[in-house]
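Asks: Here's a sequence, model it:
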Amino acid sequence: MNDVLIEAKTLAALPPDSVLVVDCRFALADPGKGERDFLEAHIPGAVYASLDRDLSDLSKHGLGRHPLPEIGAFARTLSRWGWHRGQRVIAYDDAGGALAAARLWWMLDCVGIAASVLDGGWQTWKAAGLPLEHGAAAPRDATPVELDFDPARVVYYEELDRLRGQPSTLVLDARAAPRFRGESEPIDRAAGHVPGARNRPFSLNLEADGRFKSPAALRAEFTVLLGDRGARDVVHMCGSGVTACHNLLAMEAAGLPGSRLFAPSWSGYSSDPARPVATGD
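Replies: A predicted model of the protein is given here:
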């Protein structure tokens, strides 16, 4: 299993002990909904990951709405889930991977843990008529987990300021086009985008049925955006560093690894009124 995307029936056929399945369903407007949905029904053997509690550290200030957790906290989360070396992690949600399966996949990739996202997510699993489990996840024995995080995978403010002035850098914003253009901003302090950024809404990575486009189709689309640049010249962002991971995942699926994440994203960047803002295309 070397692929970053996995089919529902392929997952169902795997020995349960070989994978750790993580339900990442989350609703920005109702942060408790994902966990309630998990209790109602989930993939058998899955544990639940809250974007706010497990995949972010909301105590950090000035780093956007979903700051990355410290590596020690992430290790403790994996320990609580009972993850052990040799297990591949399979993440899924009900938003095409955007909330927040791709975020977990990227965090795991940054610490060298093999992971995949369930292509088509929860909807595909149910549509296939595969087994369901109800109620809370069974208690797990804590496991010893030590992680090393590669800080080069993340960009923060000073580096972004330096990089965005270079023609070789491509900043890709995964937000919907109206928010990128500054026509609407329902959440953050200012409307618009980082000057010089390009828009690649994460929804463009998906077919109408919520599954990812083929690797060839994704590669063709991202190659047009890249031009003469390599994947390592790309810095992804979005509203808070979550849906940007969808573009990171899509590029990886397309055979274009090595791009990076501007973790604070627009919510962090726009929180400082001194930073320049662009509007339009």
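
Asks: Only C-alpha atoms from now on, for both contacts and neighbour counts.
Replies: Will do.

Asks: Can you pull the poorly scored residue ranges out of the chain?
Replies: For the chain, the stretches with pLDDT under 70 are 1-2.

Asks: Tell me where it has helices.
Replies: 8-12, 33-40, 71-81, 101-110, 121-127, 157-163, 177-181, 215-226, 244-253, 265-269 (DSSP state H).

Asks: Out of these, which is closest to residue 145?
Replies: Among the helices of the chain, helix 71-81 comes nearest to residue 145, with 5.6 Å by CA to CA.

Asks: Next one: residue 234 from residue 137, what distance?
Replies: Distance, residue 234 to residue 137, by CA to CA, to the nearest Å: 38 Å.

Asks: can you list the helices of the chain in JSON lines and add mean neighbour count and distance to residue 144?
Replies: Below are the helices of the chain laid out as JSON lines (neighbours: other CA atoms under 10 Å; distance: least, CA to CA, whole Å):
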{"stretch": "helix 8-12", "mean neighbour count": "14", "distance to residue 144": "25"}
{"stretch": "helix 33-40", "mean neighbour count": "17", "distance to residue 144": "25"}
{"stretch": "helix 71-81", "mean neighbour count": "18", "distance to residue 144": "6"}
{"stretch": "helix 101-110", "mean neighbour count": "24", "distance to residue 144": "16"}
{"stretch": "helix 121-127", "mean neighbour count": "19", "distance to residue 144": "29"}
{"stretch": "helix 157-163", "mean neighbour count": "13", "distance to residue 144": "34"}
{"stretch": "helix 177-181", "mean neighbour count": "20", "distance to residue 144": "42"}
{"stretch": "helix 215-226", "mean neighbour count": "16", "distance to residue 144": "36"}
{"stretch": "helix 244-253", "mean neighbour count": "26", "distance to residue 144": "27"}
{"stretch": "helix 265-269", "mean neighbour count": "26", "distance to residue 144": "32"}
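
Asks: Output those as a markdown table; include the columns distance to residue 133.
Replies: A markdown table is the format used below for these (distance: least, CA to CA, whole Å):
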| stretch | distance to residue 133 |
| --- | --- |
| helix 8-12 | 13 |
| helix 33-40 | 8 |
| helix 71-81 | 17 |
| helix 101-110 | 19 |
| helix 121-127 | 11 |
| helix 157-163 | 43 |
| helix 177-181 | 38 |
| helix 215-226 | 32 |
| helix 244-253 | 27 |
| helix 265-269 | 36 |
